[in-house]
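J.: sequence below, structure please.
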Amino acid sequence: MADPIHQFQIEKLVDFGVVNLPLFGRSELAFTNSHLAMTIAFAGVVGFMTLATSRMQVVPGRLQSVGETLFGMIDNLSESIIGHEGRKFFPFVFTLFMFILAMNVLGLMLTFTVTSQLAVTATLGLMTIALVIGIGFLRHGLGFFKLFVPSGVPIVLLPVIVLIEFVSFLLRPVTLALRLFGNMLGGHVALKVFAGFVVTLGALAAGGGLGFLGIPGAALALSMVVALTALECLVAFLQAFVFAVLTCIYLNDVVNLGHGH
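T.: Residues are numbered from 1 along each chain as shown. Here you go, the predicted structure:
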């Protein structure tokens, strides 16, 4: 059976050689399969939204309906969680959602899934938390630290609670990154394993003799591949949506700081 981890290996497509970068030192520059997949995902999102909004009609066609559904879903999400100021952060949340969704879906069709790379999901998580911290200080100044001081906590427990709140805040980008990375990695590994069973048992059955006993196993493995593929399609959407939900929740914490703490 082929190595199920091989599908996640980054490969150089164009090598630009080695350069010395400030702070980073000696570094290799290359255009990889990861860059290619992200570029295709970006172009796909831009192309889809351009086509969906190029000929707006009162009675929308299929493409416009899909675009309006996704747009409305994230718009309602940001407004329901963040409040009346949610529209200000809608572009960021919607861009994150569409880009992650495109990378997830693309991973089902190609041999490389960008969101199975922890470096990519961690970067998206750090971008989100950096925005949260920036908005927190811009809006509240040093009052941002009130985020770690819940109201109504007894003085005796306050140091412990503040420490827990601070650590949980620092773990937010970690949970964002690991949730997306783990779900995409695990699902694709399972899919690859069962697909390998289909090929192995099918080849065994093709050999004849007792090898025919492999047919029921191959059929069962094939049914699992079909079921997992359907599940992965659902997970591709859900993980992008969950990332958007958590982003809105984190933004709500600093936008409405003082109302809920």
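
J.: could you look up the SS state of V153?
T.: coil (DSSP: H, G, I helix; E, B strand; the rest coil).

J.: excluding chain neighbours, give the residue nearest to it in space.
T.: Spatial nearest neighbour of V153, chain neighbours left out: I161 (5.1 Å); criterion: C-beta to C-beta, 6 or more residues apart in numbering. Heads up, the C-betas are built off the backbone N, CA and C, glycines and all.

J.: same check on N20?
T.: R26 (5.7 Å).

J.: number of nearby residues for that neighbour?
T.: 8 (other C-beta atoms under 10 Å).

J.: ok now whichever strand or helix holds Q239, how far from the chain's centre?
T.: Using DSSP states H and E, Q239 maps to helix 214-255. Centroid separation between helix 214-255 and its chain, computed with C-alpha atoms, centre = their mean, to the nearest Å, is 11 Å.

J.: check which helices and strands that helix sits against.
T.: Helix 214-255 sits against helix 62-82, helix 86-109, helix 118-140, helix 172-206, with contacts defined as 3 or more C-beta pairs under 8 Å, 6 or more residues apart in numbering; DSSP states H and E.

J.: got the contact list for the first one?
T.: I take that to be helix 62-82. Residues from elsewhere that reach helix 62-82 (C-beta atoms under 8 Å, 6 or more residues apart in numbering): 48-49, 51-53, 55-57, 60, 86-87, 89-90, 93-94, 97-98, 244-245, 248-249, 251-252, 255-256.

J.: report the angle between it and helix 86-109.
T.: Per axes from the mean of the first three to the mean of the last three C-alpha atoms, to 10 degrees, the angle that helix 62-82 makes with helix 86-109 is 130 degrees.

J.: can you pull the alpha-carbon coordinates of helix 62-82 into CSV?
T.: Output of helix 62-82 as CSV, limited to C-alpha atoms (Å, rounded to 0.1, in the frame of the first residue of the first chain):
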residue,chain,number,x,y,z
ARG,A,62,-27.6,29.0,-10.0
LEU,A,63,-24.2,30.7,-9.7
GLN,A,64,-25.6,33.9,-8.3
SER,A,65,-27.8,31.9,-5.9
VAL,A,66,-24.8,30.1,-4.5
GLY,A,67,-22.8,33.3,-4.2
GLU,A,68,-25.7,35.1,-2.4
THR,A,69,-26.2,32.1,-0.1
LEU,A,70,-22.6,32.1,1.0
PHE,A,71,-22.5,35.9,1.3
GLY,A,72,-25.7,36.0,3.3
MET,A,73,-24.7,33.2,5.6
ILE,A,74,-21.5,34.8,6.7
ASP,A,75,-23.1,38.3,6.8
ASN,A,76,-25.8,37.0,9.1
LEU,A,77,-23.2,35.1,11.1
SER,A,78,-21.0,38.1,11.7
GLU,A,79,-23.9,40.3,12.6
SER,A,80,-25.6,37.8,15.0
ILE,A,81,-22.3,37.1,16.9
ILE,A,82,-20.6,40.5,16.9
